[in-house]
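Chemist: Kindly generate the corresponding structure for this input.
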Amino acid sequence: MLDHLARHTLLRGPARAASALALAVMLATPARALSPVNLRWDACLGDGGVSNKSFACDTNIGFNTLVGSWVAPMDLFDLVGNDIAVDFGAYMPVMPAWWEFKNAGACRQNSLSFSAVIPLTAANCVDWASGQATALVTSYTLGPIPGIARLLATTTIPPSLIEIFTGQEYFSFSIRINNLKTVGAGACGACDVPICIILKAIDLKRMPPAYEVPLRPANVADAFVLWQPAPGQTMCARSVPVQNRTWGEVKSLYR
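Modeler: From the prediction side, this is the model:
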């Protein structure tokens with residue numbers, strides 16, 4: 001399209017040709033490279049997802065959605081799933097009851113759901129699995145570091161030849177956190193405590209015998225979000241340090 005515009009403009013004079021060329025260069029200039037793994041509220045990073053979420057903690061209605069995505073370091077044609085690790089770090093010595101999910105006896109046992117369904121508003125972010133993936137939370141574990149929980153999850157598809165291209169942002173998962181038990185009888189406390197949430201790892205699972213592709217944050221600012229951030233807060237201070245660990249090492253930290 002841009003080549004057509006430039007050729008058409010060349011027929012109308014050198015000045016317009018120069019303008020068309022400048023426009024083509026400007027439109028072709030790539031945006032800032034995305035990190036291998038990205039986490040945002042409401043949408044993928046490339047679709048304008050936000051890094052901060054504030055909630056008045058005054059209703060049991062509604063929900064909050066985390067969206068994780070990735071960018072492959074190479075073209076791939078044999079993916080069958082994603083293994084995912086997300087940390088939740090509270091700015092207090094223990095994880096607030098409002099953030100206790102999944103485990104028996106947890107205050108909000110059914111208030112976190114994990115999905116491989118891409119947001120309807122996605123435009124620049126592409127579902128690598130084309131709607132075929134199934135999603136499963138394998139664990140939501142408190143500790144061993146006080147005030148930190150880790151969610152481990154996976155998405156899978158039947159073996160197939162799906163084309164993955166480097167440089168493209170691909171949707172991986174959505175985590176929906178509803179507002180049940182925020183107020184009233186049986187409410188779970190400390191909804192208002194600041195929380196730092198970081199996407200620690202996504203391992204791209206490939207068809208055997210190919211090796212998995214481990215993805216870790218390169219630009220850490222793209223891989224974390226804040227809940228109830230304090231005024232002026234822009235960084236995470238509560239999370240297991242980002243390291244290039246193997247998937248087995250990542251999981252072993254929370255066994």
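Chemist: Would you mark the buried spots in stretch 163-171?
Modeler: By 16 or more other Cβ atoms under 10 Å, the buried positions in stretch 163-171 come out as 164, 168, 169, 170, 171. The C-beta positions use only the backbone N, C-alpha and C, and glycine is treated the same way.
Chemist: Endpoint to endpoint, it covers what distance?
Modeler: Start-to-end span of stretch 163-171 (Cα to Cα, to the nearest Å) is 14 Å.
Chemist: Give the full set of residues in contact with residue 132.
Modeler: Residue 132 makes contacts with 157, 158, 160, as judged by Cβ atoms under 8 Å, 6 or more residues apart in numbering.
Chemist: Considering these, which possesses the most neighbours?
Modeler: Counting neighbours by other Cβ atoms under 10 Å, residue 157 leads the contacts of residue 132 with 19 neighbours.
Chemist: Go ahead and confirm that one touches residue 80.
Modeler: Yes - with contact defined as Cβ atoms under 8 Å, residue 157 counts as touching residue 80 (5.8 Å).
Chemist: hang on, residue 171 is in a strand, isn't it?
Modeler: Yes - counting by DSSP: H, G, I helix; E, B strand; the rest coil, residue 171 is located in a strand.
Chemist: any idea how far residue 87 is from it?
Modeler: Residue 171 sits 20 Å away from residue 87, taking Cβ to Cβ, to the nearest Å as the criterion.
Chemist: got JSON lines for the buried residues of stretch 163-171, with distance to residue 51 too?
Modeler: What follows is those, written out as JSON lines (distance: Cβ to Cβ, whole Å):
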{"residue": "164", "distance to residue 51": "26"}
{"residue": "168", "distance to residue 51": "22"}
{"residue": "169", "distance to residue 51": "16"}
{"residue": "170", "distance to residue 51": "20"}
{"residue": "171", "distance to residue 51": "17"}
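Chemist: ok, the residue sitting nearest the centre point of the chain - contacts?
Modeler: By Cα atoms, centre = their mean, the mean C-alpha position of the chain lies nearest to residue 68, the distance being 1.7 Å. Applying Cβ under 8 Å, 6+ apart, we find residue 68 in contact with 37, 38, 39, 84, 86, 171, 172, 173, 174, 175, 199, 202.
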